[in-house]
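Novice: got a structure for you, letters missing:
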Ligand SMILES: Nc1ncnc2c1ncn2[C@@H]1O[C@H](COP(=O)(O)OP(=O)(O)OP(=O)(O)O)[C@@H](O)[C@H]1O
């Protein structure tokens, strides 16, 4: 997917400013930045939930908007789960939305997020971490090729965190790309090919995620964060 000069204003407030970003097929991008930098808004534009005020988003080659939506899996702070339905009913519902019914796939994702045991229980009885794992399963249930992940590790215990890390690495090996928003830069660095830093709605830094580039990136990131503190206080 390609974003060209994308800007977004919400209620006249500039949230994204002239964003240029190329997301290559299978690429894992860490999207970093301070609170309010515009990370979630950018993911929403990429998911087409929000439309840019100006600029252009282009789908990967040959893909219609409809096709793009069908290839996309999202983990957003809103879980999009139905609490009065069981875990199984939720996954079945979402799979059907994508025009599929594949019980084996549902079983597989339940196994992957370690929720098989409670799949017939209503979601309102799940803990926060279990709901988050089900939201992750929901994002994977139609076998997307692109993932938009807004703090997907939020609320996960250590074991669940490891499960998700493994899942992302495995999917990435199979060619699935993702954009990962995280406040844990070191963690995101380990899971991604490239890091993009947003500040006040602008991309201010981009670098490949290698051991060598981490320190320099973090020094610059901290510089931006200090500037942000001056803005606020
Ligand atoms: N619905 C909305 N109405 C008004 N302002 C909004 C809305 N959504 C986002 N904003 C503003 O847009 C800016 C960017 O918000 P966004 O949630 O994208 O940032 P973020 O980088 O994801 O932050 P965080 O790390 O805190 O999640 C913020 O200043 C926020 O107040």
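Specialist: Looks like it arrived, so ask away. No experiment lies behind these values; they were computed from the predicted model shown. Residues are numbered from 1 along each chain as shown.
Novice: Residue numbers of the protein in contact with the ligand?
Specialist: Counting by C-beta under 6 Å from any ligand atom, the residues of the chain close to the ligand are 10, 11, 13, 15, 33, 35, 36, 37, 38, 39, 40, 41. C-beta coordinates here come from the backbone N, C-alpha and C atoms, glycine included.
Novice: Take those and keep only those in strands.
Specialist: 10, 13, 15, 33 (DSSP state E).
Novice: now the residues you listed in CSV, with pLDDT and neighbour count?
Specialist: Listed next are these as CSV, based on pLDDT from 0 to 100; neighbours: other C-beta atoms under 10 Å:
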residue, pLDDT, neighbour count
10, 94, 11
13, 94, 8
15, 97, 21
33, 94, 26
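Novice: Just put those residues in CSV and tack on distance to residue 76.
Specialist: What follows is these, written out as CSV (distance: C-beta to C-beta, whole Å):
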residue, distance to residue 76
10, 16
13, 21
15, 16
33, 17
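Novice: hmm, back to that, let me know the closest of the residues of the chain next to the ligand to residue 119.
Specialist: residue 40 (29.3 Å; C-beta to C-beta).
Novice: Would you map the strands across the chain?
Specialist: 2-10, 13-22, 28-33, 54-58, 72-75, 146-150, 177-181, 194-199, 202-208.
Novice: which ones are touching residue 87?
Specialist: Residues in contact with residue 87 (C-beta atoms under 8 Å, 6 or more residues apart in numbering) are 110, 115, 118, 119, 120, 121, 123, 126, 134, 137.
Novice: Quickly note the distance from it to residue 111.
Specialist: Residue 87 is 12 Å from residue 111, where distance means C-beta to C-beta, to the nearest Å.
Novice: Distance to residue 94 added to the strands of the chain, as a markdown table?
Specialist: Shown next, in a markdown table, are those (distance: least, C-beta to C-beta, whole Å):
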| stretch | distance to residue 94 |
| --- | --- |
| strand 2-10 | 26 |
| strand 13-22 | 27 |
| strand 28-33 | 23 |
| strand 54-58 | 24 |
| strand 72-75 | 10 |
| strand 146-150 | 14 |
| strand 177-181 | 18 |
| strand 194-199 | 29 |
| strand 202-208 | 32 |
